[in-house]
Every structure is written in structure tokens, then in C-alpha cells.
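Trainee: predicted coordinates and the sequence they were generated for:
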Amino acid sequence: MQLKYSYFPGCKISGQMSEYGKSTESLMTLLGIEWVDLQFNCCGYPIRHQNLEASIFSAARNLALAESAHLDILTPCKCCFGNLKHSQHMLKNDPELFKRINERLKAEGLTYSGSIEIKHLLSVLYHDVGLDKLKKHILHPYQSQKTFVAASYGCHALRPAEITNFDHPFDPSIFEKVIEISGAQTVFWPKRTECCGQPVFDRNPSISNTLLQSKMSDAIQAGANMICTACTYCQMQYENFGQGKLPVVTISQLLKKAISGT
Amino acid sequence: MLKYSFYISFVIFIAGLIFRMARWIRFDLDTESAEQSKVKRAFALWESLWNHLVSAQALLMLKAIFWDGLLQARIFKSSPLRWLAHMSIFWGFMLLLFFHALDDYISVWILPDYASTINPYMFMRNLCGFLVLAGIIIALYRRRKQFMVKQISNWMDYSVLGLIAAIMISGFLLEAVQIISEHQFDSMVSDYMISDDESEILALRAYWAKNYFVSFAKPVEISNETILQAGQSIHQDSCASCHSPPQYAFVSYNLTQMLSPFATILNAFHMDSVLLVIHYILCFIGLAWLPFSKMFHMLTTPLNYCMAASSQDSSHSAASANGKIVSLDACTHCGVCSEHCSVAPIYQVIGNDCILPSEKLSAVLSMSAGKHNIVLENLSSGNAVCTECNQCTINCPSGIPLLDIWQTTKKELQNKGLDRPEEVIKKHSAYEWAHLLKTQPQMPCQSFISDDPLTYEACVQCSICTQVCPVVAAASGSGEPIDLTPQQVMNLLRIGLKEKALGTQMVWTCATCYMCQENCPQHIPVADVFYELRNLAHAQLNFKQTGEK
């Protein structure tokens, strides 16, 4: 079956993290995943601190756009994923809110009914593409004795698990399984499901940095020689504060290299 | 009278030009710009104008002028519909300006056998006017029908379109009443006809009444073939070389047909002279208003293209200080940035128009002018919403480096002491905030879960939330423990001391990782409550700052 999604890169990819966007698009092409670009707006994650309603409306507009194209959303960013999921959950469980948001959408000729799914890139790779099929594409596997990858999960996809429905909130495994398909080994590190610190970067840079450093040392202690992310914000955080202690790549870059050699 | 009107409008135009260009030196986008001496900036402006428009990098400039100025490739990229409208208005208007308005200085010298009433010039003039009007209709359609553009369109956008439309319509009406004008016919006869034989003039009148639709007060016999033939031969000798049949003026001619029942009245009131004055005065109003209106983009947008195309001056701080203001002036208020703005839906809910790039830009301009008022507070909270997705810059048809401007603005607002709420919160302790928030007028704000006692009813103060919180651990590790732990905040809420929780570091340093909530054995939505408290505090702070919503 042909996989086709509406691709939701998120603001940071179009703004400053274009590398993650490019490699994700190449990866999708290599795997034969079709996608369309819709006129998406912000997922609503950054404004959620300030105004929940604005955040939900922002998310709902994206969901309505994807609905009108009859396509599930695929996003490589866990914060976008988490917020879209959260808004979907709120809209499902609050009929008043559902009505209000739809009234706002109507002004633009859009409606939201809740008929599409929101998927993170990792879920698409693991559930929709499938590990068996993914394995067939790996023509340039990593040397397993030399590559020890620490998978940095990203909180907003994991929790609250009953809303995100991504994987186990404290003991997830799909990220590692996807990485292992590329031939690399993964390491177990206790802080792999903890916060990277990016969400407090604006509000408290020093705590933000402390959080990142403690993850970084944990990964090094566990024997990793590479960190892999699957979230635009996590990647930004590692690039800002990581000081080059370990190479940090996105899942798209990691798989793209194992598939195409570059 | 028309001559003096022109002089007055031209003087206003020049004064306006100087006024607007002086702003490029006077206004400071940022502190760095403000530190440059104004004299140095005046020289730099002169130097840049010289460099950009006259001498260096001529090829780059030509390329920018050709693609972006004449073919308007950037507009096409951002919106083909808008390109169609703008190209029609731009080309129609420019051709009319150079070959019709300035025909005495241009057309008669460079066009073979130019006369305004012969083809192809008569036809072309109508075509250009028609294009401009068609473009204005498309532009109006876009401004009335497109969701975002409709919201940002203001009186300036409509009045500029209205003025150009009025110039075109008055021109067409003028031509139409000139066609039927007996007065025009008479003065042409006295100027150009060699013979003053009464019967010859009568014959010409007949011929012109029939074929050129002149309306004479005294009825003219137009069915007598002999007279018409005589009229035709006089027409061939004296008129034909300068007059193509009026049908070629296809818009004005059709207007003539519509006006013909009222021809006698129109001629009696000398409507041709009246409309001539109206048409000229409208053009003079346009000229005088140009530097003060958004029409100024005719000069600034090409200048901005050239500045963007050249790599010069980027290190020259006085010139770049000027350049920033020039680029702000290049905005045409087309609204493409706001159409593509990633946070535009947030504007729909919050309603601060400084969220939308097209509106934020004018607030930035007032900031550069040194205004310190409510504009800056709106600008500060609007600009904070920006996610820096860069879509505005990518899509701006005028090539304005918008994201750079927003980032500079962010820093500049901080320099001016306008802190974002997360910074404001740090200025006082939680207990001080509790007092401050209590004494100020309360913002009516909807709470979903934090005011509901059921939310915390099951809390047994087991402190698991605190133990799993990475922020609590990071703060303790750094030697500056957090003021209140999640469990303590829950306890405050449980006993109804919400004001004391709103300003706590815990609430504002929450990393939203949901460890607390997911681990809570009693299923208390700790992280959701923190989110809501930040929402409430934000509402309260904005309320305090602006005095309104």
C-alpha cells in the first residue's frame, strides 16, 4: 500500500533547522513515502504557555487542513506531535471547545471533525513502513562494533502517554529498534526519556543547560559515541549546548546515510 | 489655475520626498544605529544612493531591476493573482505616465507622427487605462475576498486604489465628453481649418456628427449624401491625419454611446473643461500625496531590491543603519507576509495585530521614530509570539529582511526595558507576586482545572512529583534550589492560595516533560495545572501592562 501523508515540518525546520527538514524529505523519498505540503501554520506548542485556546485553535487549523486533504499528518518534531495530539484530545473531550474552535475555523471555510491521525516520523517508520521493509533499504549499514548510539526520545511524544499514544512513557523501545535496523548498536542510558532542557531555554537558560549536560554525561557514561534525536527542538538544544562532546544526528540523517551512503 | 496647482503639488511632492528620505537618517531601528552620528549617516545615504543607483555593480542592479522591478518575479512567486493585478496597474500606469501625461516631453520626440488622437496611440491609451482598472478590480477582489488580506486592509490601501481608479475613470469620461463636445469641434475648426467658408464647415459638421459622434446643439442634417461627401473630402484634407475613428478609443467610445442622450446638457455645461480640471487635479493630488502614502514604495521597493542585490555596505554601519529604515519603507502593505505567517491563527484568538508581520512592521517603524507608548507594549507581546519560521521573509515580494528585523526588534525592546512576561516574573518572588496580583484589578479569566477542588482532592502529598522532576534536581544540583516544589505548589492550590502559586519559579521553570503527571499515583494533572497557571499569569500581566485585554 502506498504511504501518503501531509508533511508537517514545523516552524523551526523552515526557520533555522533546514538540515533536518532536507534529510527527512530525502529519507521519505528513499523509502517511497509520498507527501504533500499544505499551508500549515504553527502547531501551537510555543503559545501554549500563554494561551491554551490560541494553541488549540492553531493546532486545529492544521488538523482541518489535513482533513480537507484526507491525509494523516506526519511530523518529524516531537513538540509539534505532542501539541497536535494534545489539542486533538482536548477537542475530542470538550464539546464546548470543539464548537468554539469550529466557529473560528468556519470564518476561513474550514471544519474540524477529528477524522485524521497525527503521526510522528518514528511511528511511521516503525508501524507504517515496518522494520522488515526498512531493513531491505539498508544498503550501507553501520559497523555495529563501532557505532554506539544513544537514542534521545523527547518528552512530548512520550507523555502524557494516554494522549500521545506513542510508546511506553518510561520504558519505550521503538526508537532503539529503528536505529538498530541501520546496523548500529544502541546503548541503554537512564536519562534517555528525560527532558533535554529546550522548553526552558527562554525562561531559564542555566537550568536548560544543566538539564542538557546531565543527559549528555549520562549518554557518555553509558558508552555512546553518538546521540540520535527525532525532534527538532531536542536537536537544536544539543547543537546549542552540546559543545561537540558527542556527535548528535537526527534519525533522518542516520537512516539516510545507512540507506544511500551519504 | 492648473499650472499653479501643478506647481503646488510638485513642491509638496519634493518636500515629501525630502521628508521621507530624511527619516532614513533620523530613525534608528536599534541602539547600534542610534549611536551613529547623523551627519555620517547623511553622507552614507548619499554614498549608497550613488553606489546603488548610479555607479558600482551596475549589472547586479540591472538584473534586480529587470526581474524584480519590471517583471516583478518576486510577486509572481508569492501570488500569481496579485502579480496579475500589480503588473496591470504598474505597466498600465507607467505607460500612461510617460507617454500620455508627459507626452509633450517624451511621446512627441520619440514616437513617429505622435498625436494623442490617432492610432495606435489612442487605442493604446485606452488599453492602458483599461488594464489599470482591471488590475484595481482584481486588487479589490483580493482585498475583500481573501481571508487574511481582508483583515489587514486599511483606509490607505483602499484610498490609493480609489485614487488611481478615479484618475482612470475621470480620464475615460473626459475623452468621452470630448468626443461629443461641440466646443472642442469648434475650437479645432478655428485652429486647423484653412477655409472659413460657411458651407464647408457645415459639411464637415455633418460628416463629424455622423462618423465622429459630435453632438451639435443645432441639429445637423446627416442623411444628405452630397453634403457628407463634401464633408469627407474636407475631413481628409484637414482632420484625418490627426484623427482616427473614435471607436478605437474602445472604452471612451462606449461611454460616449451611453452618454449620448445627455449630450446637449453635457455640452451646455462644458463638461469637457470641467472633467479636464478634475482629471488634472486628481493627478496632482496623486503627485503631492505620493511621498506620504504607500505609493512611496514606487521608489523604496526598487531601492531595496538594489540594496539586497549588492553586497556592498554590509560592513559599513552608518549605511546599514540607513538601509534598515529603507527596507522598512519598502513595505507595500500587500499582506503576503501575514497570509504566510505561521502564528496568524494566534492573532485570530489573541487579537494583538502586532502578531501579524504586515502590521508589526509599522509598529517597528514607530519604535524607530522613538515613540514610547502603548505601541511598544503591543509590539513587545506581539513579537514574542513569533516562532521565527522565516516564512514572511521568504515570501515578501519587496525583499524586506523581515526575520532580521524581528530579531533586532526583540533585542531593542529588551534594551528599552520591555521585558517578556517570563522575565517580568523573575523580578519578584512568589510571595511578592501574590501581593501585587491581589492589589491590582482582577482580569476575568477562565480557569479550567486549577480552580476546581476536585483536581487536587486525591493528592496525598506523597512528593513523587517532586522526586521525579528534572528541574527540581537540576536546581538543587546547581546550589540554588527551586523556591517551591511541585508538591508544595499543589498544596497551595489545594488550600485555595492560587495567587501565591502564580509567580513561583517552579511554575515558570517547568520543562513540561510531564514526568510529575505521568508518575503521580493519584493521577493529579500537575503539568496541566502548571500550564494553566502560566496562562492565567500571562493574562494577568498583559492586563496590567496595557490596561485592556
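Mentor: Ah, there it is.
Trainee: I'd like the next helix or strand past the host helix or strand of A:Lys135.
Mentor: Using DSSP states H and E, A:Lys135 falls within helix A:131-137. Later in the chain than helix A:131-137, the nearest helix or strand by DSSP H and E is strand A:148-152.
Trainee: just name the shakiest helix or strand of chain A by mean pLDDT.
Mentor: Within chain A, no helix or strand scores below helix A:11-15, which has a mean of 93 by mean pLDDT, DSSP states H and E.
Trainee: can that helix be found next to chain B?
Mentor: Yes - interface with chain B: helix A:11-15 contributes A:Cys11, A:Lys12, A:Ser14, A:Gly15 (Cβ under 8 Å from any Cβ of the partner chain). Backbone N, C-alpha and C define where each C-beta goes, glycine included.
Trainee: show me the shaky parts of chain A.
Mentor: Within chain A, not a single segment meets pLDDT under 70.
Trainee: OK, contacts around the residue nearest to A:Ser14 when sequence neighbours are not counted?
Mentor: Closest residue to A:Ser14 apart from its sequence neighbours, by Cβ to Cβ, 6 or more residues apart in numbering or on different chains: B:Cys389 at 4.9 Å. By Cβ atoms under 8 Å, 6 or more residues apart in numbering or on different chains, B:Cys389 lies in contact with A:Cys11, A:Lys12, A:Ser14, A:Gly15, A:Cys42, B:Ser342.
Trainee: same thing but at 10 Å, please
Mentor: Residues counted as contacts of B:Cys389 (Cβ atoms under 10 Å, 6 or more residues apart in numbering or on different chains) are A:9-16, A:41-42, B:340-343, B:403.
Trainee: between those residues, which is nearest B:Met490?
Mentor: Using Cβ to Cβ, A:Cys42 is the member of those that lies nearest B:Met490, at 30.7 Å.
Trainee: work out for me the element the residue of the stretch 201-350 of chain B found nearest chain A sits within.
Mentor: Nearest to chain A in the stretch 201-350 of chain B, going by Cβ to the nearest Cβ, is B:Val349, at a distance of 3.9 Å. In the assignment (DSSP H and E), B:Val349 maps to helix B:344-350.
Trainee: buried residues, that helix. List them.
Mentor: Judged by neighbour count using 16 or more other Cβ atoms under 10 Å in any protein chain shown, the buried positions of helix B:344-350 are B:Ala344, B:Pro345, B:Ile346, B:Tyr347, B:Gln348, B:Val349, B:Ile350.
Trainee: list the buried residues in the least confident helix or strand in chain B by mean pLDDT.
Mentor: When each helix and strand of chain B is scored by mean pLDDT, DSSP H and E, helix B:58-64 comes last, with a mean of 78. Neighbour-count burial for helix B:58-64, counted by 16+ other Cβ under 10 Å, picks out B:Leu60, B:Met61, B:Ala64.
Trainee: okay, the closest residue to B:Gly286 other than its chain neighbours: pLDDT?
Mentor: Nearest non-adjacent residue to B:Gly286, counting by Cβ to Cβ, 6+ apart: B:Leu163, 5.7 Å away. Looking at B:Leu163, its pLDDT is 98.
Trainee: wait, B:Leu163 touches B:Ile285, no?
Mentor: Yes - counting by Cβ atoms under 10 Å, B:Leu163 touches B:Ile285, with 6.8 Å between them.
Trainee: buried set for stretch B:32-46?
Mentor: Neighbour counts over stretch B:32-46 (16+ other Cβ under 10 Å) mark B:Ser33, B:Gln36, B:Arg41, B:Ala42, B:Ala44, B:Leu45 as buried.
Trainee: which among these gets closest to A:Phe170?
Mentor: Among the buried residues of stretch B:32-46, B:Ser33 lies closest to A:Phe170 (Cβ to Cβ), at 52.0 Å.
Trainee: and the residue nearest to the closest one when sequence neighbours are not counted, how many neighbours does it have?
Mentor: Counting by Cβ to Cβ, 6+ apart, B:Ser33 lies nearest to B:Ala321, which is 3.5 Å off, once chain neighbours are set aside. For B:Ala321, the neighbour count with other Cβ atoms under 10 Å in any protein chain shown is 25.
Trainee: can you pull the contacts of B:Ala321?
Mentor: The contact partners of B:Ala321, by Cβ under 10 Å, 6+ apart, come to B:24-25, B:27-30, B:32-36, B:38, B:40-41, B:44-45.
Trainee: same thing but at 6 Å, please
Mentor: Contacts here follow Cβ atoms under 6 Å, 6 or more residues apart in numbering or on different chains; on that basis B:Ala321 touches B:Ser33, B:Gln36, B:Arg41.
Trainee: from the residues you listed, which ones fall inside helices?
Mentor: Using DSSP state H, the subset of these located in helices is B:Ser33, B:Arg41.
Trainee: export the contacts of B:Ala321 to JSON lines and tack on distance to B:Ser5 and pLDDT?
Mentor: Shown next, in JSON lines, are the contacts of B:Ala321 (distance: Cβ to Cβ, whole Å; pLDDT from 0 to 100):
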{"residue": "B:Ser33", "distance to B:Ser5": "39", "pLDDT": "85"}
{"residue": "B:Gln36", "distance to B:Ser5": "40", "pLDDT": "84"}
{"residue": "B:Arg41", "distance to B:Ser5": "36", "pLDDT": "87"}
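Trainee: of all the contacts of B:Ala321, which comes closest to B:Pro453?
Mentor: Nearest to B:Pro453 among the contacts of B:Ala321 is B:Ser33, at 54.8 Å by Cβ to Cβ.
Trainee: would you mind listing what in the stretch 351-500 of chain B touches chain A?
Mentor: Taking Cβ under 6 Å from any Cβ of the partner chain, the part of the stretch 351-500 of chain B that reaches chain A is made up of B:Thr387, B:Glu388, B:Cys389, B:Asn390, B:Glu422, B:Pro470, B:Ala474, B:Ser478.
Trainee: so what's the last one closest to, chain neighbours aside?
Mentor: On the basis of Cβ to Cβ, 6+ apart, the spatially nearest residue to B:Ser478 that is not a chain neighbour turns out to be A:Thr210, at 5.7 Å.
Trainee: look up phi and psi at the one you found.
Mentor: When read as degrees, to the nearest 10, the backbone of A:Thr210 gives phi -60, psi -40.
Trainee: part of a helix, is the residue nearest to A:Ser14?
Mentor: No - judged by DSSP: H, G, I helix; E, B strand; the rest coil, B:Cys389 forms no part of a helix; its state is coil.
Trainee: quick check: which element contains the residue nearest to B:Ala166 when sequence neighbours are not counted?
Mentor: Using Cβ to Cβ, 6+ apart and skipping residues adjacent in sequence, the residue nearest B:Ala166 is B:Leu282, 5.4 Å away. According to DSSP H and E, B:Leu282 maps onto helix B:271-289.
Trainee: domains of the chain?
Mentor: Picking chain A for this. Chain A breaks down into these domains under automatic domain parsing: A:4-120, A:131-260.
Trainee: um, chain B though
Mentor: B:2-178+B:276-300, B:180-269, B:335-418, B:425-546.
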